[in-house]
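# Provided below for reference: sequence and predicted model.
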Amino acid sequence: MLLIGAEESLHEEIALLAAVAGVRLHTAPSWGEAPDGDWAAVLCTPQALPPTAAQAEGVLLVGDEPSALWEAAAAQPGLVPVPLPQAERWLSEVLVSRVLDRAQGPVVAVASTGGGAGATTVAYLCAAELAVRGQRPALLDACPGPGSGALELVTGAHRSELEGDHGLPEGRLDWERLLATEGEISAKHLANALPGADGVAVLTGSADPQHCRRLLPAVLRAARRAFDAVIVDVGTRAEIITALPEPAERTILVARASPRAAAAAKRLRELLPHSAAVLALNRTAAAGWGPEEMQQAVGLPVTAELAEQRWLARSDHVGEAYHLLRSRRGARIVAGLLQGLHIEPPEGWDG
């Protein structure tokens, strides 16, 4: 959100409210110096009023002198006066509602043609790249359980905070805790309580996958409101994609370059007639098979080839794949995968 005004004490107060609402705060001393942007909310002070009535429409007028606020609002009826600290709770609720009512983030489903093909690694790399770009991604583990790469990712990132046998710090959400809750799933709760790794919010755990899948549609609806993008790791269970409340707009099929994997990928593609799908190749290719052969056999573009990143196959921890993003070549591979899904970097990103 954007705050226009030069009062430092007010900046600190609004910054705290922004943090509670889960929104980034940008400030400018005057309207002439305000950056362009698609803001969830625009606020100003009585000392920095909008220069035109059109600019004043819907702007939240904040300050600690109620008389000055009402006087300014009378002169420019489009302004909404918000006296502080009396209206702090109201302002916080308004900010939360505006943030959660924004355009919903895209959903990317990541499926594999066989166990160990690398779906979790690819899903994590995509989410981590979005985080590097300054976005807030979520990774949903739709096939949780012992041995889940996403579970190892979270427990590794929070090892110093682990809470007994449960595997998560106090106050953090996993599938078991989410299944135990009652009522509607809150987007704000997800945004604040999912554990993070490398800037990625991760929902995983060791609960019964069947129970998790029943809850997945409600979780996905809330996650789309809370995050800039949602990556769903469905592993080998591609039927999960067709059971989602809305078809996944984008799908990544992770496969080895081989005749058998090509046949499996083609079957998966038939389940997703309305999804923009791409292939990501991983593991060592079969003799005589490569990107061209896979594209021709499956009818999908190959937008990433991890086959030569052989150290990934030797790693026991999906989080170690983060190092791939730190190399120039690795960053190009992951960026190309997202570009194939038409997920472009934010304006001004120089990568």
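In hand now; what should we look at?

# kindly list the main-chain dihedrals of the residue lying closest to residue 289 once chain neighbours are set aside?
Spatial nearest neighbour of residue 289, excluding adjacent residues (Cβ to Cβ, 6 or more residues apart in numbering): residue 257 at 4.3 Å. In this view, the C-beta of every residue, glycine as well, is placed from N, C-alpha and C. Main-chain dihedrals, residue 257, degrees, to the nearest 10: phi -80, psi 100.

# which residues sit in contact with residue 257?
By Cβ atoms under 8 Å, 6 or more residues apart in numbering, the contact set of residue 257 is 281, 285-286, 289-291, 293-294, 307.

# just those residues now: which is nearest residue 67?
residue 281 (67.1 Å; Cβ to Cβ).

# which strand residues bridge the closest one?
Taking DSSP bridges, one obtains residue 255, residue 305 as the residues bridged to residue 281.

# just give me the neighbour total for it.
26 (other Cβ atoms under 10 Å).

# reformat the contacts of residue 257 into a markdown table and put pLDDT, secondary structure and distance to residue 268 next to each item.
Shown next, in a markdown table, are the contacts of residue 257 (pLDDT from 0 to 100; DSSP: H, G, I helix; E, B strand; the rest coil; distance: Cβ to Cβ, whole Å):
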| residue | pLDDT | secondary structure | distance to residue 268 |
| --- | --- | --- | --- |
| 281 | 91 | strand | 14 |
| 285 | 88 | coil | 19 |
| 286 | 91 | coil | 18 |
| 289 | 94 | coil | 18 |
| 290 | 91 | coil | 20 |
| 291 | 92 | helix | 18 |
| 293 | 95 | helix | 17 |
| 294 | 95 | helix | 13 |
| 307 | 58 | coil | 19 |
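
# report the buried members of these.
Those of the contacts of residue 257 that meet the buried threshold are 281, 285, 289, 291, 293-294, 307, by 16 or more other Cβ atoms under 10 Å.

# pLDDT on stretch 210-223, on average?
Stretch 210-223 shows a mean pLDDT of 85.

# residues of that stretch that come out buried?
212-213, 216, 219-223.

# likewise stretch 268-284?
268-269, 272, 275-283.

# tell me which of the residues you listed has the lowest pLDDT.
residue 275 (68).

# show me where pLDDT drops low in the stretch 101-250 of the chain?
Within the stretch 101-250 of the chain, the stretches with pLDDT under 70 are 101-104, 117, 146-149, 154-171, 242-248.

# which residues in it form helices?
With helices called from DSSP state H, counting those that start in this stretch, the stretch 101-250 of the chain shows them at 119-132, 149-157, 175-180, 187-193, 209-226, 239-242.

# which one, of these, ends up nearest to residue 86?
So among the helices of the stretch 101-250 of the chain, helix 187-193 is nearest, using Cβ to Cβ, at 22.9 Å.

# re earlier: ok, the contacts of residue 257 vs residue 141, which is closest?
Looking across the contacts of residue 257 and measuring by Cβ to Cβ, the closest to residue 141 is residue 281, at 22.7 Å.

# where exactly do the strands run in this structure?
2-4, 26-28, 42-44, 60-63, 80-83, 107-112, 137-141, 196-197, 200-203, 229-235, 250-255, 276-281, 302-305 (DSSP state E).

# export those strands to JSON lines and tack on distance to residue 118?
Below are the strands of the chain laid out as JSON lines (distance: least, Cβ to Cβ, whole Å):
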{"stretch": "strand 2-4", "distance to residue 118": "41"}
{"stretch": "strand 26-28", "distance to residue 118": "38"}
{"stretch": "strand 42-44", "distance to residue 118": "44"}
{"stretch": "strand 60-63", "distance to residue 118": "47"}
{"stretch": "strand 80-83", "distance to residue 118": "50"}
{"stretch": "strand 107-112", "distance to residue 118": "7"}
{"stretch": "strand 137-141", "distance to residue 118": "14"}
{"stretch": "strand 196-197", "distance to residue 118": "17"}
{"stretch": "strand 200-203", "distance to residue 118": "17"}
{"stretch": "strand 229-235", "distance to residue 118": "10"}
{"stretch": "strand 250-255", "distance to residue 118": "5"}
{"stretch": "strand 276-281", "distance to residue 118": "8"}
{"stretch": "strand 302-305", "distance to residue 118": "10"}
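
# and residue 11, which of these is closest to it?
strand 26-28 (5.8 Å).

# so who does the nearest residue to residue 295 once chain neighbours are set aside touch?
Excluding its sequence neighbours, the residue lying closest to residue 295 (Cβ to Cβ, 6+ apart) is residue 302, at 5.4 Å. By Cβ under 8 Å, 6+ apart, the residues touching residue 302 are 278-281, 291, 294-295.
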